[in-house]
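S.K.: what's the 3D shape of this:
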Amino acid sequence: MAPRDQAAWAFTNDDDAQAMAGFLNQRLGGGSEIAWVESVPLARRLNDKVMRYLDCWAELAEETLLEDDQG
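M.R.: Residues are numbered from 1 along each chain as shown. Got it, this is the predicted structure:
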């Protein structure tokens with residue numbers, strides 16, 4: 001990930017969100033905070049760009065899991 005790149009991920013479970021932020025900070029940030037969790041009321045809508053981004057990550061994760069299962 002390049003500096004200043006920003007992405008939004010949506011989680012329905014705070015523990016899952018905290019775990020992902022911790023993982024990203026440890027693995028990609030080398031212990032520095034590069035990811036954090038913000039609570040957003042469900043009344044706010046995610047725009048189309050964010051939804052496309054989330055869909056791309058979901059597809060990548062699915063492909064990675066399929067490759068791991070085959071290996």
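S.K.: packing partners for the helix or strand where D55 lies?
M.R.: In this structure, D55 is located in helix 48-70 according to DSSP states H and E. If contacts are counted by 3 or more Cβ pairs under 8 Å, 6 or more residues apart in numbering; DSSP states H and E, helix 48-70 sits against no helix or strand. Where C-beta positions appear, they are placed from N, C-alpha and C, glycine not excepted.
S.K.: contacts for it, please.
M.R.: Surrounding helix 48-70, the residues in contact under the criterion Cβ atoms under 8 Å, 6 or more residues apart in numbering are 7-10, 46.
S.K.: let me see the mean pLDDT of that helix.
M.R.: For helix 48-70, the mean pLDDT works out to 80.
S.K.: got the contact list for A7?
M.R.: Contact partners of A7, counting by Cβ under 8 Å, 6+ apart, are Y53.
S.K.: against W36, how distant is the residue nearest the centre of the chain?
M.R.: Using Cα atoms, centre = their mean, the residue of the chain that lies closest to the mean C-alpha position is W9, 4.3 Å off. The spacing between W9 and W36, counted by Cβ to Cβ, to the nearest Å, is 11 Å.
S.K.: quick revisit: how far is the helix holding D55 from where the chain is centred?
M.R.: Offset of helix 48-70 from its chain centre (Cα atoms, centre = their mean, to the nearest Å): 11 Å.
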